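S.K.: okay, sequence plus prediction incoming.
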Amino acid sequence: MNTPEWLKKENIKRSLDARPLLAQGLHPLEQVQQECAALQPEEIFEIITPFPPSPMIEKMVAAGYEVHSEQGNDGMVHSCFMKKQ
């Protein structure tokens, strides 16, 4: 999958490894929403999960965010969120 033009690694301002939360049975959606709401233009928030967070992606797209997910070299799914301009 091609990386979108808006996704610049240097613009990733915060990252959350959600594996510990998921292992506790917690869902990181609220934290992701809070982190994304605090983003400045062109800033990106990244979440790392062991699987594609499809329902979260759908909610964030509906809320007006650009979203891109890809599997990293670590085998984890890295999903990045940025407010649409």
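M.R.: Sure, I can see it.

S.K.: CA only for contacts and neighbour counts going forward, please
M.R.: Fine.

S.K.: how about stretch 67-77: buried residues?
M.R.: The neighbour-count criterion (16 or more other C-alpha atoms under 10 Å) identifies 67, 68, 69, 70, 71, 76, 77 as the buried residues of stretch 67-77.

S.K.: contact partners of that stretch?
M.R.: Stretch 67-77 is contacted from outside by 1, 3-4, 7, 48-52, 57, 60-61, 78-82, using C-alpha atoms under 8 Å, 6 or more residues apart in numbering.

S.K.: cool, and stretch 50-66?
M.R.: Contacts with stretch 50-66, where a contact means C-alpha under 8 Å, 6+ apart, come from 19, 29, 33, 67, 69, 75-77, 79, 81-84.

S.K.: give me the distance between the two termini of it.
M.R.: Taking C-alpha to C-alpha, to the nearest Å, stretch 50-66 runs 21 Å from one end to the other.

S.K.: cool, and stretch 37-46?
M.R.: Across stretch 37-46, first to last residue, C-alpha to C-alpha, it's 13 Å.

S.K.: about what we covered before: export the contacts of stretch 50-66 to JSON lines and tack on distance to residue 40 and secondary structure?
M.R.: Compiled in JSON lines, the contacts of stretch 50-66 are given as follows (distance: C-alpha to C-alpha, whole Å; DSSP: H, G, I helix; E, B strand; the rest coil):
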{"residue": "19", "distance to residue 40": "26", "secondary structure": "helix"}
{"residue": "29", "distance to residue 40": "19", "secondary structure": "helix"}
{"residue": "33", "distance to residue 40": "14", "secondary structure": "helix"}
{"residue": "67", "distance to residue 40": "16", "secondary structure": "strand"}
{"residue": "69", "distance to residue 40": "20", "secondary structure": "strand"}
{"residue": "75", "distance to residue 40": "29", "secondary structure": "coil"}
{"residue": "76", "distance to residue 40": "26", "secondary structure": "coil"}
{"residue": "77", "distance to residue 40": "24", "secondary structure": "strand"}
{"residue": "79", "distance to residue 40": "18", "secondary structure": "strand"}
{"residue": "81", "distance to residue 40": "12", "secondary structure": "strand"}
{"residue": "82", "distance to residue 40": "9", "secondary structure": "strand"}
{"residue": "83", "distance to residue 40": "8", "secondary structure": "strand"}
{"residue": "84", "distance to residue 40": "11", "secondary structure": "coil"}
